[in-house]
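> Only the shape, not the letters, is given here:
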């Protein structure tokens, strides 16, 4: 499991425009120095936002990666929802620790009506 | 000098970046409350503004995560985010290495704080500054509480951090203002983004205004997550301001859930 390195790569990418240029030029080469599984590497190259959220990437890190790829906000939220639907609950990290299971189940557990649709 | 100003506000990137998607009237009322906070802050004639923030992996990461950090640089660049995405231009914000260094030395009597001579501001500080110091003409002392990467500092330690900040401000000859910024309940940047627990927020801000230490410390992260989301971990910044206000009573000038901003938008101050 190398969620730490997935997030470290994204952390360094998010704050460094030179690294962003390198990533744009050759995504695979930019990932070379990081200890990643094949699943993680391919998710970062594609990019597969839903899978990265399922793997446990913090949204505060992931949202900048989505913005870098010009993924519009509502599309970004939907890709994460689709990732949970397709792959299941978040595997590790802060959302797994706290039992995050997806938007509908979460709203239900709080007794709240989901107010995230259509905004 | 005794602390000259203490207040809190929200900082979500949508506040500036997705401004055109919000209800215009509600948005403008919120912006107006922010501007009134700016007027009050300026009227307090601060020599430096301590911004107690909860930054989001712009500077601090899990390779070496400080529970508490304070900036000690002559200036700070921000935002790290794309300017078009955030709706805030890239800028160099003034700091004061001199004031920061003396301030940090005093804070260290009460809290083991990390210091940082390099710090890039993210939306967590840039959004408040966009409204509160729009000319970027006041020296900023950024302070951070790790509210993102658990394990997180206990709430009672965040309270002590606020007390340490107050003690330092009182000792320094400069006029020091404190602005805390965080969410209350919110689930930012997750599939639940836009959900806001208004009842929870109102209850929390009631405790905040009364400056009721026991009630403000009567939370734990598991219940906060369940009822107020991982964004609720940022109540640490609000608690630190309560402690810094040293018993002063607070007023909420604006509160409204604005889902496209992903947070219950808040502007509140203490009568210090």
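Structure's in. What do you need? Note that this is a predicted model, so its numbers are computed, not measured. Numbering: from 1, shown residues only, chains lettered A, B, ... in the order given.

> ok so residue A:83 is a helix residue?
Yes - under DSSP: H, G, I helix; E, B strand; the rest coil, residue A:83 falls within a helix.

> show me what contacts it?
Applying C-beta atoms under 8 Å, 6 or more residues apart in numbering or on different chains, we find residue A:83 in contact with A:48, A:49, A:50, A:51, A:52, A:53, A:54. Where you see a C-beta, it was placed from the backbone N, CA and C, and this is true even at glycine.

> now, which of the residues you listed lie close to chain B?
Restricting those to those touching chain B (C-beta under 8 Å from any C-beta of the partner chain) yields residue A:53.

> of all the contacts of residue A:83, which comes closest to residue A:30?
residue A:52 (15.6 Å; C-beta to C-beta).

> from what I can see the closest one touches residue A:6, true?
Yes - Residue A:52 is in contact with residue A:6 according to C-beta atoms under 8 Å; the separation is 7.1 Å.

> Which residue does the stretch 101-250 of chain B have closest to chain A?
Closest to chain A within the stretch 101-250 of chain B is residue B:189: 3.1 Å, counting by C-beta to the nearest C-beta.

> which parts of the stretch 1-150 of chain B sit against chain A?
Residues of the stretch 1-150 of chain B lying near chain A (C-beta under 8 Å from any C-beta): B:13-14, B:18, B:56-59, B:61-63, B:80-82, B:85, B:120, B:148-150.

> go again using 10 Å as the cut-off
By C-beta under 10 Å from any C-beta of the partner chain, the residues of the stretch 1-150 of chain B that approach chain A are B:13-14, B:17-18, B:21-22, B:54-63, B:80-82, B:84-86, B:120, B:122-124, B:148-150.

> Leaving out sequence neighbours, find the closest residue to residue B:33.
Nearest residue to residue B:33 in three dimensions, chain neighbours excluded: residue B:254, at 3.4 Å (C-beta to C-beta, 6 or more residues apart in numbering or on different chains).

> per-residue pLDDT, residue A:106?
pLDDT for residue A:106: 68.

> for residue A:99, same thing?
The model reports residue A:99 with a pLDDT of 65.

> How about chain A: which residue is closest to chain B?
Closest point on chain A to chain B, by C-beta to the nearest C-beta, is residue A:59, at 3.1 Å.

> Leaving out chain neighbours, which residue sits closest to that residue?
For residue A:59, the spatially nearest residue (C-beta to C-beta, 6+ apart) is residue B:189, at 3.1 Å.

> One more: residue A:42?
residue A:48 (7.3 Å).

> give me the number of residues near the residue of the stretch 101-250 of chain B closest to chain A?
Neighbour count for residue B:189, taken as other C-beta atoms under 10 Å in any protein chain shown: 26.

> Can you verify my assumption that the residue nearest to residue A:59 contacts residue A:94?
No - if you go by C-beta atoms under 10 Å, residue B:189 and residue A:94 don't touch, sitting 11.5 Å apart.

> Give the residues shared as contacts by the two.
Listed contacts common to residue B:189 and residue A:94 are A:58, A:59, A:60, B:230; contacts here mean C-beta atoms under 10 Å, 6 or more residues apart in numbering or on different chains.

> Turn these into a markdown table, columns for neighbour count, pLDDT and distance to residue B:243.
As requested, these are arranged in a markdown table below (neighbours: other C-beta atoms under 10 Å in any protein chain shown; pLDDT from 0 to 100; distance: C-beta to C-beta, whole Å):
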| residue | neighbour count | pLDDT | distance to residue B:243 |
| --- | --- | --- | --- |
| A:58 | 23 | 95 | 27 |
| A:59 | 25 | 94 | 29 |
| A:60 | 26 | 93 | 25 |
| B:230 | 27 | 92 | 23 |
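
> hmm, back to that, give the contact list for the residue of the stretch 101-250 of chain B closest to chain A.
Residue B:189 touches A:53, A:58-64, A:66, A:73, A:76-77, A:80, B:12-13, B:56, B:230-231, B:262, counting by C-beta under 10 Å, 6+ apart.

> Can you say which of the residues you listed are buried?
Among these, the ones that count as buried by 16 or more other C-beta atoms under 10 Å in any protein chain shown are A:53, A:58-64, A:66, A:73, A:76-77, A:80, B:12-13, B:56, B:230-231, B:262.

> Chain A: helices as residue ranges?
Listed in chain order, the helices of chain A (DSSP state H) span residues A:3-14, A:17-25, A:27-31, A:38-45, A:49-55, A:59-68, A:73-87, A:94-97, A:103-110.

> out of these, nearest to residue B:6?
Of all these, helix A:59-68 sits nearest to residue B:6, with 26.2 Å by C-beta to C-beta.

> What is the neighbour count of residue 24?
No chain specified, so I'll use chain A. Neighbours around residue A:24, by other C-beta under 10 Å: 11.

> Chain B was what I was after
Residue B:24 is flanked by 9 other residues according to other C-beta under 10 Å.

> Give me the pLDDT for it.
For residue B:24, pLDDT reads 97.

> now swap in residue A:95 and tell me
Looking at residue A:95, the pLDDT reads 84.

> quick one: contacts for it?
Neighbours of residue A:95 in contact, by C-beta under 10 Å, 6+ apart: A:53-54, A:56-59, A:84, A:89, A:101, A:106, B:187, B:190-192, B:225, B:230.

> Could you state which residue of chain B sits nearest its centroid?
Taking C-alpha atoms, centre = their mean, the centroid of chain B lies closest to residue B:181, which sits 1.8 Å from it.

> Quick one: the helices in the stretch 51-200 of chain B, in order.
Along the stretch 51-200 of chain B, counting by DSSP state H, counting those that start in this stretch, helices occupy B:83-86, B:97-107, B:123-132, B:155-171, B:198-210.

> Out of these, which one sits most buried?
helix B:123-132 (a mean of 26; mean count of other C-beta atoms under 10 Å in any protein chain shown).

> show me where pLDDT drops low in the stretch 1-150 of chain B?
Along the stretch 1-150 of chain B, no part satisfies pLDDT under 70.
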